[in-house]
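Trainee: this is a predicted model, with the sequence first.
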Amino acid sequence: MYYRNRSGFPQGNTVPLPLRWQWKLNRWRERLAALFRPAEKPSRPRLCPACSTLVGATASRCHECGASLNFSLAAATRSLSGLIPSETPVTYFMLGLNVAMFALSLMVTMRFTQGFNLAGGIHPRVLMRLGACLPDIFQTSEYWRLVMPIFLHGNLWHFGFNAFVLLDIGPQVEAEYGSARYLFLYVITGIGAFLVSSWWGNFSIGASGSLMGLVGLMLAITYRRGGNYMRMLRAQLVRWIIYIFIFGLFFRADHAGHLGGLAAGFLLGKIFADREPMNAGERKRAYALGWFAALIILASFGFMLKNYFTAG
């Protein structure tokens with residue numbers, strides 16, 4: 001590097017810039033170039049999201065199971081599950097939806113009644129607009145009302161009790177069946193519960209239908225595996241079911257929904273293997289079921305919002 005006079009032409013013999021100035025100029029040039037050219041990161045091998053096989057850094061498909069590493073249900077599921085740092089992400093996701101819907105119900109009730117009462121009940125009109133299950137759902141064809149009640153609760157006590165049971169039972173069942181199948185089972189048993197409740201002629205809400213479905217799944221596991229421990233666990237579950245129905249007599253619980261969820265969970269427990277998916281084919285089917293359940297939830301929320309803003 002050399003200096004020039006103001007006219008731009010060399011003045012006498014050219015003299016190199018001092019080393020310190022050269023170093024500063026080079027550093028500024030590198031920083032300026034870095035603004036327009038991101039640094040390249042070294043490629044590393046990664047795990048297949050479907051079968052957990054180690055694949056090459058530049059591979060686009062797994063050499064073991066053939067699953068796409070970037071555009072597949074398994075890849076999308078792995079990416080989304082990373083947003084919730086937990087071994088049982090679906091349980092905490094369901095809890096989050098319950099919290100959000102209870103907070104929304106409370107705020108709408110406050111607006112409707114012009115008052116605040118945290119321990120008080122959610123107004124029935126608010127619950128109906130947000131998706132409570134209605135009698136004879138087949139006449140109205142509002143089938144989204146079989147899903148939305150899973151996330152609605154009538155008061156703080158109702159919400160707190162179901163949240164406690166969900167955190168107690170949910171992680172056990174999710175660890176047993178895997179997160180994707182657990183999501184499907186949770187939603188389907190809830191739908192089964194509200195189908196029976198609607199047929200019985202009830203106006204109903206609450207996660208207890210799905211929670212009884214989880215109890216039914218665990219009950220089916222005890223009959224399938226056998227042994228002293230399973231017999232002891234089955235006796236505890238049966239006692240717990242009896243306590244719930246006796247307790248519900250004093251609080252006007254939806255016994256039809258409880259029975260529907262319990263029966264749906266027990267029947268599905270007889271169908272589904274009581275373990276996580278073990279190979280690529282089982283994982284693919286499990287991810288498909290999980291995404292199907294997620295789409296059902298998403299569509300139900302969409303119909304709920306449409307009903308909320310169009311209802312009088």
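Mentor: On my side now, so go ahead.

Trainee: those helices in the stretch 51-200 of the chain, which residues are they?
Mentor: For the stretch 51-200 of the chain, the helices defined by DSSP state H, counting those that start in this stretch cover 73-81, 89-113, 124-130, 137-140, 156-177, 179-200.

Trainee: counting by contacts, list what whichever helix or strand comes after the last one packs against.
Mentor: Per DSSP states H and E, helix 179-200 leads on to helix 208-225 as the next helix or strand towards the C-terminus. Using 3 or more Cβ pairs under 8 Å, 6 or more residues apart in numbering; DSSP states H and E as the contact criterion, the neighbours of helix 208-225 among helices and strands are helix 156-177, helix 179-200, helix 228-249, helix 255-271. (Each C-beta comes from the backbone N, C-alpha and C, glycine too.)

Trainee: for helix 208-225, what is the distance to the chain centroid?
Mentor: 20 Å (Cα atoms, centre = their mean, to the nearest Å).

Trainee: tilt between that helix and helix 255-271?
Mentor: 40 degrees (axes from the mean of the first three to the mean of the last three Cα atoms, to 10 degrees).

Trainee: and helix 208-225, what's buried?
Mentor: Within helix 208-225, the residues scored as buried using 16 or more other Cβ atoms under 10 Å are 208-222.

Trainee: highest mean neighbour count out of the helices of the stretch 51-200 of the chain?
Mentor: helix 179-200 (a mean of 25; mean count of other Cβ atoms under 10 Å).

Trainee: same question for that helix, mean pLDDT?
Mentor: The average pLDDT for helix 179-200 rounds to 95.

Trainee: pull that helix out as CSV, backbone CA atoms only.
Mentor: Output of helix 179-200 as CSV, limited to C-alpha atoms (Å, rounded to 0.1, in the frame of the first residue of the first chain):
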residue,chain,number,x,y,z
SER,A,179,-45.6,-38.0,22.1
ALA,A,180,-47.2,-38.4,18.7
ARG,A,181,-49.5,-41.3,19.5
TYR,A,182,-50.2,-39.7,22.9
LEU,A,183,-51.6,-36.6,21.3
PHE,A,184,-53.8,-38.6,19.0
LEU,A,185,-55.1,-40.7,21.9
TYR,A,186,-55.7,-37.7,24.1
VAL,A,187,-57.8,-36.0,21.4
ILE,A,188,-59.7,-39.0,20.3
THR,A,189,-60.7,-40.1,23.8
GLY,A,190,-61.9,-36.6,24.5
ILE,A,191,-64.0,-36.7,21.3
GLY,A,192,-65.4,-40.0,22.4
ALA,A,193,-66.3,-38.6,25.8
PHE,A,194,-68.2,-35.6,24.4
LEU,A,195,-70.0,-37.8,21.8
VAL,A,196,-71.5,-39.8,24.7
SER,A,197,-72.2,-36.6,26.7
SER,A,198,-74.0,-35.0,23.7
TRP,A,199,-76.0,-38.1,23.0
TRP,A,200,-77.0,-38.2,26.7
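
Trainee: for residue 26, which of the helices of the stretch 51-200 of the chain is the nearest?
Mentor: Proximity to residue 26 (Cβ to Cβ) singles out helix 73-81 among the helices of the stretch 51-200 of the chain, at 40.1 Å.

Trainee: do me a favour and average the pLDDT over the closest one.
Mentor: 54.

Trainee: just the terminal-to-terminal distance for stretch 273-281.
Mentor: Distance across stretch 273-281, first residue to last, is 14 Å (Cα to Cα, to the nearest Å).

Trainee: so which bits of that stretch are buried?
Mentor: 274, 276, 277, 280.

Trainee: got TSV for the residues you listed, with pLDDT too?
Mentor: Converted to TSV, the buried residues of stretch 273-281 look like this (pLDDT from 0 to 100):
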residue	pLDDT
274	86
276	83
277	82
280	78
